[in-house]
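Asker: below are the sequence and a predicted model; questions follow.
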Amino acid sequence: MLKRIITLAGTLGLCLSLATPAQAGPKEDLARFQHFYLKRFPGVPLKEFANGVYAIDKVSRENWEAIEEFPPYEPYVEEGKEMWNTPFKDGKGYKDCFPDGPAIKADYPRWDAASKRVLTLELAINECRQAHGEKPLKYKKGPIAILTAYIAWESRGKPTHVVIPDDPDARAAYERGKRFWLARRGQLNFSCATCHAQNAGKHIRADILSPALGHTTHFPVYRSKWGELGTLHRRFTGCNKQVRAKPFKPQSEQYRDLEYFLTYMSNGIPLNGPGARK
């Protein structure tokens with residue numbers, strides 16, 4: 001009982017420290033956020049949190065490692081590579097929009113000062129397509145997940161490196177994302193922090209709740225539950241539904257700001273997408 005009280009007190013301290021923007025900036029938030037999980041799961045190195053629940057549960061990790069011998073996302077990576085190299089109808093292609101090549105996942109999400117919004121990788125891909133007369137891709141699954149699987153594969157090993165510039169609009173987007181992560185919603189009155197901070201490592205039915213640290217590093221993911229690849233915003237949508245809250249649309253401002261905050265919290269952790277999860 002005492003251990004539970006201490007754990008809850010530690011979680012409350014984290015949430016309160018993240019909820020006072022006047023007293024703490026993004027750098028302070030990052031230090032407190034990562035310290036919370038490193039203390040909660042002693043012996044787990046920072047980079048290991050890229051593996052989600054498999055970093056903290058030995059049995060789950062053994063099963064996952066067996067799956068990784070023949071990863072279910074592998075065919076999608078090859079398909080995504082073909083998409084990347086296939087020209088658009090006007091003769092241009094993704095290479096023209098992203099001249100640094102496909103290993104660009106660490107560059108997103110980022111603040112776009114011109115449009116005053118968080119620019120995610122998926123949004124940038126569709127802007128590229130539309131600039132060359134192509135139809136935008138749907139954001140939850142299908143071709144967008146397949147293409148980003150290849151980009152994630154090429155980006156593996158690069159450290160997460162999100163920048164919050166000295167720009168009041170960028171800081172406001174970050175703060176909105178932070179508030180979203182802390183806010184309770186839905187009939188169950190759960191926040192993101194309820195499951196992935198306060199109860200991280202605990203069972204919910206047969207599943208173990210994963211720590212939020214490192215959450216964004218392995219997307220898109222192939223989930224056994226889905227039987228296919230899905231994007232991070234598909235997962236956000238599913239989480240909102242699970243707490244019986246009305247989800248926002250993929251690539252909405254709410255989810256882009258949440259991605260901005262949550263990815264920043266994983267700064268320094270290497271990318272290892274695409275991933276395989278239950």
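Answerer: Noted; the coordinates are in hand. Numbering: from 1, shown residues only.
Asker: gap between Trp64 and Asn51?
Answerer: 8 Å (C-beta to C-beta, to the nearest Å). C-betas here are computed from N, CA, C, even on glycine.
Asker: tell me which of those two has more neighbours.
Answerer: Per other C-beta atoms under 10 Å, whichever of Trp64 and Asn51 has more neighbours is Asn51, with 22 against 18.
Asker: just checking, the more buried one touches Gly214?
Answerer: Yes - assessed by C-beta atoms under 8 Å, Asn51 is found in contact with Gly214 at 7.2 Å.
Asker: now the common contact residues for these two.
Answerer: Shared contacts of Asn51 and Gly214 (C-beta atoms under 8 Å, 6 or more residues apart in numbering): none.
Asker: which parts of stretch 107-125 are buried?
Answerer: 107-111, 117-125 (16 or more other C-beta atoms under 10 Å).
Asker: tally of neighbours for the nearest residue to Phe219 once chain neighbours are set aside?
Answerer: Leaving aside its chain neighbours, Phe219 sits nearest to Leu232 (4.3 Å; criterion: C-beta to C-beta, 6 or more residues apart in numbering). Residues lying near Leu232 (other C-beta under 10 Å) number 28.
Asker: any idea how far the residue nearest the centre of the chain lies from Leu258?
Answerer: What sits nearest the mean C-alpha location of the chain, by C-alpha atoms, centre = their mean, is Thr216, with 2.3 Å. Thr216 sits 10 Å away from Leu258, taking C-beta to C-beta as the criterion.
Asker: got the contact list for Pro136?
Answerer: Counting by C-beta under 8 Å, 6+ apart, Pro136 has contacts Asn126, Arg129, Gln130.
Asker: now do the contacts for Gly52.
Answerer: Per C-beta under 8 Å, 6+ apart, neighbours of Gly52: Ser210, Pro211, Gly214, His215, His218, Gly275, Arg277.
Asker: could you report the pLDDT at it?
Answerer: Here the pLDDT value assigned to Gly52 is 95.
Asker: where does this structure dip in pLDDT?
Answerer: 1-17, 19-23 (pLDDT under 70).
Asker: if we go to 50?
Answerer: 1-9 (pLDDT under 50).
Asker: hey, where'd the helices end up in it?
Answerer: Secondary structure of the chain (DSSP state H): helices at 2-18, 26-40, 58-68, 74-85, 94-97, 121-131, 143-155, 168-182, 192-193, 232-242, 253-264.
Asker: now Asn267: how far from Arg185?
Answerer: In terms of C-beta to C-beta, Asn267 sits 26 Å off from Arg185.
Asker: whoops, I mixed them up, Cys195
Answerer: In terms of C-beta to C-beta, Cys195 sits 12 Å off from Arg185.
Asker: then Glu78?
Answerer: Glu78 is 39 Å from Arg185, by C-beta to C-beta.
Asker: and these two? Which one has more around it.
Answerer: Each of Glu78 and Arg185 has its neighbours counted (other C-beta under 10 Å); Arg185 has more, 16 against 12.
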